[in-house]
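Novice: Following is a predicted model, sequence given first.
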Amino acid sequence: MKKIKLKKWMALCMTFIMVLAVVTGCGSANNSGGTPSPTSTPTQAASGESQMLTKIKEKGYILIGSSNDAPFSYQDVTTKELKGIDIEILREICKRLGIPDIQMKVIDFSNLLVELNNNSIDMVVDAMYVKVERLQIAAFTDKWYQEGEAIVIAADSTIATKEDLKGKTLGAQPGTAFYETAEKWLNEGKIGKVEAYDNQATLMTAVNMGKVDAVVTDGIVAGFTLSSDSSLKLKLMSPYVPEASGQIGAAVRFADKDFLNEVNKCLNEMKEDGTLMKILKDYGLTEDYFVGVEEGVTKNVK
């Protein structure tokens with residue numbers, strides 16, 4: 001009987017030890033194998049760099065969101081390479097931070113900040129104006145450069161001034177500052193109607209085919225598109241003084257402020273050593289588009 005009781009006692013002990021081992025093992029797996037989500041509170045890695053930067057390096061690339069609009073952030077249809085003013089600025093920042101590559105996810109402009117906060121992308125890089133209402137949604141880098149809107153009309157259009165737009169149909173891209181400008185003009189009775197188009201290509205096609213009388217869009221985009229596509233029978237309204245000029249930056253999640261600071265450090269070094277101005281000149285932009293270090297500081301609200 002004693003032998004039987006001793007065997008039962010030893011069996012219970014073994015069972016207890018096995019259960020303890022399993023529980024302890026599960027705890028270790030959760031602590032070491034759980035990869036923090038992009039929205040986790042950032043901490044400084046052992047190397048001194050942000051957790052976000054470490055994760056991007058481990059992944060091998062930074063995934064940006066863009067509406068694929070030339071000449072800012074777009075994929076060349078022939079070479080499949082990422083190109084554009086914003087891409088070149090980011091590429092230099094990545095080089096200085098040790099990020100090997102850039103990949104892009106195409107998203108409608110109006111959904112870029114939504115997808116950023118849904119953790120679908122690491123950063124928004126698409127010539128986005130730093131505006132008060134957007135600062136409530138995401139954190140922005142210091143300003144990269146500045147620009148304004150332009151009016152594009154048919155080459156044979158009788159529209160010569162903004163006053164000639166009264167009663168006309170104007171195309172614009174939702175989510176952009178220029179769409180807000182078009183709505184403002186509509187409310188002020190300066191135009192007859194606003195029609196929305198998802199991207200620059202459909203916007204230009206609309207005015208080229210006579211679906212709208214004119215479009216209001218980014219001045220840099222308009223100049224680039226008209227100079228690179230001779231099939232478009234379009235021109236810029238001139239003279240014209242922009243009303244919606246703004247300064248452009250990239251957006252990250254509020255939780256990624258350490259990474260934001262690392263990006264800003266590289267950006268401002270590029271402004272001081274002349275690299276950023278050289279990139280702007282490569283795209284035909286003058287010093288009027290340049291924003292200095294002090295005037296380019298973004299005051300994030302969160």
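Specialist: That came through fine. Residues are numbered from 1 along each chain as shown.
Novice: For the residue nearest the centre of the chain, list the residues it contacts.
Specialist: In the chain, the residue lying closest to the centroid (CA atoms, centre = their mean) is Val124, at 1.9 Å. By CB atoms under 8 Å, 6 or more residues apart in numbering, the contact set of Val124 is Ile64, Gly65, Ser66, Leu112, Leu113, Leu116, Ala138, Ala250, Ala251, Val252. C-beta: built from backbone N, CA, C; applies to glycine.
Novice: secondary structure element for it?
Specialist: strand 123-129 (DSSP states H and E).
Novice: about what we covered before: which residues does the residue nearest to the centre of the chain bridge with?
Specialist: Taking DSSP bridges as the rule, Val124 bridges to Gly65, Ala251.
Novice: Roughly how far does it sit from Leu53?
Specialist: 17 Å (CB to CB, to the nearest Å).
Novice: do the same with Asp282
Specialist: Counting by CB to CB, the gap from Asp282 to Leu53 is 27 Å.
Novice: More neighbours: those two, which one.
Specialist: Leu53 (23 against 10; other CB atoms under 10 Å).
Novice: Tell me which stretches of this structure form helices.
Specialist: 2-33, 51-59, 85-97, 112-117, 177-187, 200-208, 219-228, 257-273, 275-282 (DSSP state H).
Novice: so which of these comes closest to Tyr129?
Specialist: Closest of those to Tyr129 is helix 177-187, at 5.0 Å (criterion: CB to CB).
Novice: same for the closest one, what does it pack against?
Specialist: Applying 3 or more CB pairs under 8 Å, 6 or more residues apart in numbering; DSSP states H and E, we find helix 177-187 packed against strand 149-154, strand 169-172, strand 193-196, strand 214-218.
Novice: what's the angle between that helix and helix 200-208?
Specialist: Angle, helix 177-187 to helix 200-208, by axes from the mean of the first three to the mean of the last three CA atoms, to 10 degrees: 40 degrees.
Novice: buried residues in helix 177-187?
Specialist: Ala177, Phe178, Tyr179, Glu180, Thr181, Ala182, Trp185 (16 or more other CB atoms under 10 Å).
Novice: Bridging across strands, which residues link to Lys105?
Specialist: Beta-bridge pairing for Lys105 (DSSP bridges): Gly65.
Novice: Look at it and say how many residues are nearby.
Specialist: Using other CB under 10 Å: Lys105 sits among 14 other residues.
Novice: Against Asn268, how distant is it?
Specialist: Lys105 is 27 Å from Asn268, by CB to CB.
Novice: for Asn261, same thing?
Specialist: 11 Å.
Novice: Give me the more crowded residue out of these two.
Specialist: Asn268 (18 against 11).
Novice: Check the burial of Gln136 by counting its neighbours.
Specialist: Gln136 has 10 nearby residues by other CB under 10 Å.
Novice: Over to Met209?
Specialist: Other residues close to Met209 by other CB under 10 Å number 10.
Novice: How about the backbone phi and psi for Ala155?
Specialist: Backbone torsions for Ala155, taken as degrees, to the nearest 10, come to phi -60, psi -30.
Novice: so it makes contact with Ser231?
Specialist: No - using CB atoms under 8 Å, Ala155 is not in contact with Ser231; the gap is 11.7 Å.
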